[in-house]
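Asker: Below are the sequence and a predicted model for it; my questions follow.
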Amino acid sequence: MSINLDSWRRLPAAQQPDWPDHDELKKVVTELEGLPPLVFAGECDSLKEQLAAVARGEAFVLQGGDCAETFAGATADDVRNKLKTLLQMAIVLTYAGRVPVVKIGRMAGQFAKPRSKGTEVRDGLELPAYRGDMVNGLDFTPEARTPDPWRLLRAYHSSAVTLNLVRAFTKGGYADLRQVHAWNQDFVAESPAGKRYEQLAREIDQALAFMHACGADPAEFHTVEFYSSHEALILDYDQALTRIDSRTGLPYDVSAHMVWIGERTRQLDHAHVEFFARIRNPIGVKLGPTTTVDEALALVEKLNPDNEPGRLTFITRMGAAKIREHLPPLVEKITSSGAQVAWICDPMHGNTFEAPSGHKTRRLDDVLDEVAGFFEVHRALGTHPGGIHIEFTGDDVTECVGGAHAIVEDDLALRYETACDPRLNRSQSLDLAFRVAELYRS
Ligand code: PEP
Ligand code: MN
């Protein structure tokens, strides 16, 4: 059976770079096509099975990482700090939810960004907008901002480096459950917000001590399954890394375990949906507040016609002020149609605003409120709040306001390092995990 992976090319593709030289692009694509897969199709299938469990209400997803990874950020410290924070969050959620937590990084491939404006103007100078390190550079110069197809190759290699570190950290003892719990105890002891979570941390401690006393020491305590994901925005890249799986003869995008379609590229008759319909990875689609029930049903029909469990995840990003109104009809109608989807809450992208200083920011309280709304909606409908999707970093940046260290708008300039959207810092992320745990228990 031959599968036409080029069918998207005859359709409009939103948010693609204006490459200055298509011959160069072709050379890069040919090189990418000859490179080894970053992940295996069998691993994508394992993730699909775990997401099927999420759709059934038997597991919870924690998906997160930078808004935009950078090539400079593919360092041991950076990757380790993110992983550490994510694992710390995962323990808390596992304990509170009493279900496995599926850990997925916005890591090892999250290098391309959709933009609401194609250009940026500073001091009268207009240049192409930054579209992620996979496309152009962040510096505001004509050289940096000109799209360069050779960056696609660097994105591949940076992803490989990151994934290699992630695999080493998660399999090499660093992810040991007791170790991760000890880090959480440090957070509880040291952070002003942490005090509130002493009780929960103590319970986890007791559970671990009990299992230790019983002699229970399963392999799961020492290593972690971790999956990679990114928004598959630049279709030339993701297609070049799509391979036919020798076991099944089916195409998988082997640049990541899971890929998602963003809010700006989910048009039904456009290229991204067409490409995603062809690959067999588990996939996500972001749904913003303007999504209609008909659109969501049509996405299910197009992207998961066989209703394969775990194949399709809807990542809703409504905004705290809208989720309680906009989410219920979607969940209700999709559920009554019989479609099996996992529902994940992205409480970041509907809650962005510009501070007086000009920094793009988000309030931790809004993020928490959207997650609370997400739980309320699903509980009222008897459906499963399947997980959260966040932008965070393991460092002490000052990009979102609020949280234990009471970052206020005037503090944003202190350590505002993101290449794109504002991320929760380490302590805000842990705060969020403990709050979600409280929602679970309430
Ligand atoms: C993102 O995830 O960084 C993003 C751009 O999200 P959305 O497509 O939901 O706007
Ligand atoms: Mn973002």
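Answerer: Good, I have the coordinates. Ligands and ions are numbered 1, 2, ... in the order given.
Asker: switch to C-alpha atoms for all contacts and neighbour counts from now on
Answerer: OK.
Asker: Which residue does the stretch 201-350 of the chain have closest to ligand 1?
Answerer: When scored by Cα to the nearest ligand atom, the stretch 201-350 of the chain has G262 as its residue closest to ligand 1, at 3.4 Å.
Asker: Spatially, what comes nearest to that residue if we skip its sequence neighbours?
Answerer: Closest residue to G262 apart from its sequence neighbours, by Cα to Cα, 6 or more residues apart in numbering: K286 at 5.2 Å.
Asker: Kindly report the same for A419.
Answerer: Nearest one to A419, counting by Cα to Cα, 6+ apart, is A68 at 6.1 Å.
Asker: returning to what we had before: from T242, how far out is the residue nearest to G262?
Answerer: 22 Å (Cα to Cα, to the nearest Å).
Asker: ok, the two, which is more surrounded?
Answerer: Using other Cα atoms under 10 Å, the more surrounded residue of K286 and T242 is K286, with 23 against 20.
Asker: which stretches of the stretch 51-200 of the chain form helices?
Answerer: Along the stretch 51-200 of the chain, the segments classed as helices by DSSP state H, counting those that start in this stretch run 76-97, 142-145, 150-171, 177-190, 198-213.
Asker: where in the stretch 1-150 of the chain is pLDDT low?
Answerer: 1-2 (pLDDT under 70).
Asker: Now it against ligand 2: closest residue?
Answerer: C67 (4.2 Å; Cα to the ion).
Asker: Check whether the helix or strand hosting the residue nearest to G262 comes near ligand 2.
Answerer: Using DSSP states H and E, K286 maps to strand 283-287. No - Strand 283-287 does not reach ligand 2 (Cα under 5 Å from the ion); its nearest approach is 11.4 Å.
Asker: ditto for stretch 342-361
Answerer: No - taking Cα under 5 Å from the ion as the criterion, stretch 342-361 and ligand 2 are apart, separated by no less than 6.3 Å.
Asker: How far off centre is that stretch?
Answerer: Stretch 342-361 has its C-alpha centroid displaced from the chain centroid by 14 Å (Cα atoms, centre = their mean, to the nearest Å).
Asker: Let me see the mean pLDDT of it.
Answerer: Mean pLDDT, stretch 342-361: 97.
Asker: repeat for stretch 222-231
Answerer: Here the average pLDDT along stretch 222-231 is 96.
Asker: now swap in stretch 275-290 and tell me
Answerer: 98.
Asker: likewise stretch 235-244?
Answerer: Mean predicted lDDT for stretch 235-244 stands at 98.
Asker: give me every residue that touches N184.
Answerer: Q88, A201 (Cα atoms under 8 Å, 6 or more residues apart in numbering).
Asker: Quick one: name the residues of this structure near ligand 1.
Answerer: Residues of the chain found near ligand 1 (Cα under 6 Å from any ligand atom) are C67, P114, G262, E263, R264, K286, H349.
Asker: switch to 8 Å and redo it
Answerer: 67-68, 113-115, 231, 261-265, 286-288, 315-317, 346, 349-350, 391, 421 (Cα under 8 Å from any ligand atom).
Asker: what sits up against stretch 271-279?
Answerer: By Cα under 8 Å, 6+ apart, stretch 271-279 touches 3, 5-14, 233, 235, 242, 250-253, 261, 265-268, 283, 302-304.
Asker: Pull out the buried residues from those.
Answerer: 5, 8, 13-14, 233, 235, 242, 250-253, 261, 265-267, 283, 302-304 (16 or more other Cα atoms under 10 Å).
Asker: Distance of L200 relative to ligand 2?
Answerer: 31 Å (Cα to the ion, to the nearest Å).
Asker: roughly how far apart are that residue and R10?
Answerer: Between L200 and R10 the computed distance is 54 Å (Cα to Cα).
Asker: Likewise for L432?
Answerer: Counting by Cα to Cα - L432 and R10 are separated by 43 Å.
Asker: Where does P305 sit: helix, strand or coil?
Answerer: coil (DSSP: H, G, I helix; E, B strand; the rest coil).
Asker: Could you tell me how many residues sit around it?
Answerer: When neighbours are defined as other Cα under 10 Å, P305 has 12 of them.
Asker: if I pick I334, what's in contact with it?
Answerer: V293, A296, L297.
Asker: Could you find the closest non-adjacent residue to the last one?
Answerer: When you say that, I think you mean L297. I334 (6.5 Å).
Asker: Ramachandran angles for the one you found?
Answerer: phi -70, psi -40 (degrees, to the nearest 10).
Asker: picking up where we left off before, export the helices of the stretch 51-200 of the chain to CSV and tack on distance to Y227?
Answerer: Formatted as CSV, the helices of the stretch 51-200 of the chain follow (distance: least, Cα to Cα, whole Å):
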stretch, distance to Y227
helix 76-97, 11
helix 142-145, 31
helix 150-171, 9
helix 177-190, 18
helix 198-213, 25
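Asker: nearest to A413, of those helices?
Answerer: Among these, the nearest to A413 by Cα to Cα is helix 76-97 (20.4 Å).
Asker: which strands and helices sit next to that closest one?
Answerer: With contacts taken as 3 or more Cα pairs under 8 Å, 6 or more residues apart in numbering; DSSP states H and E, helix 76-97 sits against strand 60-65, strand 101-106, helix 150-171, helix 177-190, helix 426-441.
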